[in-house]
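Peer 1: have a look; sequence and predicted model below, questions after that.
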Amino acid sequence: MKYTLALAQMNTVLGDVRANLEHHLALIREARSSGAGLVVFPELSLTGYALQDLATSVAARARTDDPTFAPLLEASRDVDVMVGFVDEDERHRFFIASAYLSGGEVLHVHHKVYLPTYGLFDEGRYFAWGDCVRAFDTRFGRMGMLICEDFWHLSPPYLLWLDGAETLLLQSASPARGMSKQPFLSSMSSVNQLACIYAGMFTCYVAHANRVGFEDGLNFFGGSSLFDPDGEQTKTGPFMDEGLVLAEVDTNQLHRSRARLPLLRDERTNLMLRELQRIVDSQITAAPSR
Amino acid sequence: MVDLSIHPEVVRKVLTTFLRTEIQRTGFRRAVLGLSGGLDSALACFLAAEALGPENVLAVRMPYRTSSPESLEHAQLVIDATGVQSLTVEITPMVEPLFERFADMTPTRRGNVMARERMIVLFDQSSATQSLVVGTGNKTEILLGYSTLYGDSASALNPLGDLYKTQIRQLSAAMGVPEVIIAKPPSADLWVGQTDEGELGFTYEQVDQLLFLLVDERYTPDECIEAGYGEKFVRAVVERVRRNHFKRVMPLIAKLSNRTIGYDFLYLRDWGT
C-alpha cells in the first residue's frame, strides 16, 4: 500500500490555542487537497513549546466534547491527523501529549515519557511524566508515537518496535544549537542521525515533524524528514522555513527490507528481558526509578 | 586548540530571521540602533538591514566632542554600504552640564554617563519612530561585564549576544562589513586613545578561547590552567565573569507573596504572540 504522509512544519502562537487550531485546520485542508492520508504535526503544535506558567491554562482533552478536539476529529474523517497538545487527565495532571485521530475517533494518546529538565529545558517543572509506551493499529499499519526527548532514549523506540510498530511518528519542538564550521547547527544533525539509526536498525519507517519559528531567542529549525526501512532519508523539509512536506510511504517496503535484513526476527527479547531484570535487581538499592 | 570557527551563512540566516520575527511579532516593523563606527554595531546594522530592509532601519550616530572623527567616518561607511536611514545626534550639550556639576568625575563615570545618554536618545527614537532598539553587545563583553548597565547594554533584543568577538569578525567579513572596520583595534571610544584590549589587559583572541572552555565546554578553572592558560589570567577572568553577573540579570525582588515576578511567575516575553 502506498500513501502520502504530510509533515506540517509549522510555527505556533505561544499559548493561543484558538489561533493554532485554525492553523492546523488550514494545513489539514491543504494536506488533504494534496492527496495526503496522514498529517503529522510537531510537539505541542496546538499550544507552542516554552509554555512555563501557561501550561495549565492551554490544556485540552482528546474527546469529542472538547472545543479544540471537536473540529480536529471532524477533520480526521478525511485524513488521519497526529497533533501535539497539553493533556489534562481526570486527576488534573498535565502531560505533554500527542493524539492520533482517524475517522472521527481518537485512536491513541501518548504522554511524553522523558521530560528534559536540564540546560535550556525545564519540562519536569511543569509537566507530569508519562508512564506508557504502546503501539496502535491504523489504516496505514501499526504505528507508535514519540515526542522529542522520548527518542533520545533508546528504550521507547525499541519497545514500539517490539510492540509491532511499522512506522515511528516522531514529533519535536527542537531548538537549534551548537555552532561549528559545518553548514548546520549540531543539534540538527543529531536528530537526523537518531532517526536514521532507528529506521535502519528497526527496519521501519521513521517520520519526524519538527516545528519552526522563534520563542524568545530559541530557534526551532524544522528539517522534518522521512526515513525508509533501509535507513535512507527519502524526504527533508527546509531549514527554518514553514512548509507542508509531502512524502510517499510504501508499506510494501517493510516486506522487502525485512526479507533482506531480518533483524526483528532475530531479536532476542527473552535474553534482553532476563539480563535487564538481572541489572535492575542488582541496582535495587540505587535511586528509585520513575 | 580551541576552534571558534562558525559557518557564517547558517548564523546569518538564524540572526536575520530572529530580528525579523521577534520585531514583527510584537507589531513593529522597524529597528533603531546606535552606530559607533566600531565592528559590533556595524554588524548589527548589516543584519538589521538584511532582516527588515534598509528603509526600516534607523542608524543613529551619537558623537561626543572628543570622539574620534574616524568613528564618524566609519559609521558613515556602514550607512552608505547598507542604505539604512541615519541620524546624527551630538550628545555633548546633553552630558556637559552633568560633567560641570561634578567636576571631579572620573573617566569611567564620564564614560558611563555618555553610554547612558546614548541609550536615552535611542529609546526616545524608538518611541518616535515606532521601532525597537537593537542591541550590539557581544558574548565576550556580556560575560566580562565590559559594558555600562542601562547604557550600551540596554536594548529590546540583541542578535550578537551569543557570538564571541572573534566570531563577530568572521560573520562581519562574510556579510561585507568594510575591512577597515574589521581590522581596527576595538575601542569604546569614551576617551582619547582608549582600546578594549588595552583596558582589559588581554586580547579578544585569548579571552574568547578561555571563555569558550569555561562557559561552553564547562571546563573547571584548573582544567583551563592544565590546558595551558596562565593561572593569573584564568583566575582574573573567572572572577570578572562572577563579579559582573549583576549586569546580566534583572534587579532583585524580595519575595513576600505566594507568587513573585521572576521566581514563580514565569512566562516568555513572546507570550501570546
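Peer 2: Received the coordinates, thanks. In this text, all values refer to a predicted model and were calculated from it rather than measured experimentally. Residues are numbered from 1 along each chain as shown, chains lettered A, B, ... in the order given.
Peer 1: from here on, just use CA atoms for contacts and neighbour counts.
Peer 2: Noted.
Peer 1: near chain A, which residues of chain B?
Peer 2: When proximity is defined by C-alpha under 8 Å from any C-alpha of the partner chain, chain B lies next to chain A at B:4-7, B:9-10, B:14, B:18, B:21-22, B:265-273.
Peer 1: quick one: the strands in the stretch 101-250 of chain B, in order.
Peer 2: Ranges of strands in the stretch 101-250 of chain B, per DSSP state E, counting those that start in this stretch, are B:131-133.
Peer 1: circling back: return the subset of the residues of chain B next to chain A lying in helices.
Peer 2: Members of the residues of chain B next to chain A lying in helices (criterion: DSSP state H): B:9-10, B:14, B:18, B:21-22.
Peer 1: quick check: PyMOL command selecting the buried ones in those residues.
Peer 2: Under the burial definition 16 or more other C-alpha atoms under 10 Å in any protein chain shown, those of those that qualify are selected in PyMOL by:
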select buried, chain B and resi 10+14+18+21+22
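Peer 1: so, low pLDDT: which residues of the stretch 1-150 of chain A?
Peer 2: Using pLDDT under 70 as the threshold, the predicted model of the stretch 1-150 of chain A has no low-confidence range.
Peer 1: any residues of it in contact with chain B? List them.
Peer 2: Residues of the stretch 1-150 of chain A lying close to chain B (C-alpha under 8 Å from any C-alpha) are A:13-16, A:50-54.
Peer 1: will you turn the residues you listed into CSV that also has neighbour count, distance to A:D80 and secondary structure?
Peer 2: Listed next are the residues of the stretch 1-150 of chain A next to chain B as CSV, based on neighbours: other C-alpha atoms under 10 Å in any protein chain shown; distance: C-alpha to C-alpha, whole Å; DSSP: H, G, I helix; E, B strand; the rest coil:
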residue, neighbour count, distance to A:D80, secondary structure
A:V13, 23, 23, coil
A:L14, 26, 25, coil
A:G15, 25, 25, coil
A:D16, 18, 23, coil
A:A50, 22, 27, coil
A:L51, 23, 27, coil
A:Q52, 19, 30, helix
A:D53, 16, 31, helix
A:L54, 21, 28, helix
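Peer 1: which two of those have the greatest separation?
Peer 2: Between all members of the residues of the stretch 1-150 of chain A next to chain B, the longest pairwise span (C-alpha to C-alpha) is found for A:V13 and A:D53 and amounts to 15.3 Å.
Peer 1: using CSV, write out the CA atom coordinates for the helix or strand hosting A:R265.
Peer 2: For A:R265, the enclosing helix or strand under DSSP states H and E is helix A:263-266. Coordinates of the C-alpha atoms in helix A:263-266 are reproduced here as CSV (Å, rounded to 0.1, in the frame of the first residue of the first chain):
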residue,chain,number,x,y,z
LEU,A,263,16.7,-8.0,12.5
LEU,A,264,13.2,-8.2,14.0
ARG,A,265,13.0,-12.0,13.5
ASP,A,266,16.4,-12.4,15.3
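Peer 1: the residue nearest to A:G231 when sequence neighbours are not counted: which element?
Peer 2: Among residues not flanking A:G231 along the chain, A:G200 sits closest, at 4.0 Å (C-alpha to C-alpha, 6 or more residues apart in numbering or on different chains). Using DSSP H and E, the element containing A:G200 is helix A:186-201.
Peer 1: report all helices and strands that that helix contacts.
Peer 2: If contacts are counted by 3 or more C-alpha pairs under 8 Å, 6 or more residues apart in numbering or on different chains; DSSP states H and E, helix A:186-201 sits against strand A:205-210, strand A:225-227.
Peer 1: cutoff 7 Å now
Peer 2: strand A:205-210 (3 or more C-alpha pairs under 7 Å, 6 or more residues apart in numbering or on different chains; DSSP states H and E).
Peer 1: mean confidence for the next helix or strand after the strand it packs on?
Peer 2: Next in sequence after strand A:205-210, counting helices and strands by DSSP H and E, comes strand A:212-215. Taken as a whole, strand A:212-215 carries a mean pLDDT of 98.
Peer 1: for stretch B:250-258, same thing?
Peer 2: Stretch B:250-258 shows an average pLDDT of 96 in the prediction.
Peer 1: sort out which residues of that stretch are buried, please.
Peer 2: Along stretch B:250-258, no position meets the burial threshold by neighbour count (16+ other C-alpha under 10 Å).
Peer 1: return it as CSV; C-alpha atoms alone will do.
Peer 2: Listed in CSV are the C-alpha atoms of stretch B:250-258, where the atom choice follows Å, rounded to 0.1, in the frame of the first residue of the first chain:
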residue,chain,number,x,y,z
MET,B,250,17.0,41.7,36.3
PRO,B,251,17.1,43.7,39.5
LEU,B,252,16.5,41.6,42.6
ILE,B,253,13.0,41.4,44.1
ALA,B,254,12.4,40.4,47.7
LYS,B,255,10.0,37.5,47.9
LEU,B,256,6.9,38.2,50.1
SER,B,257,3.9,36.8,48.3
ASN,B,258,3.0,33.3,47.1
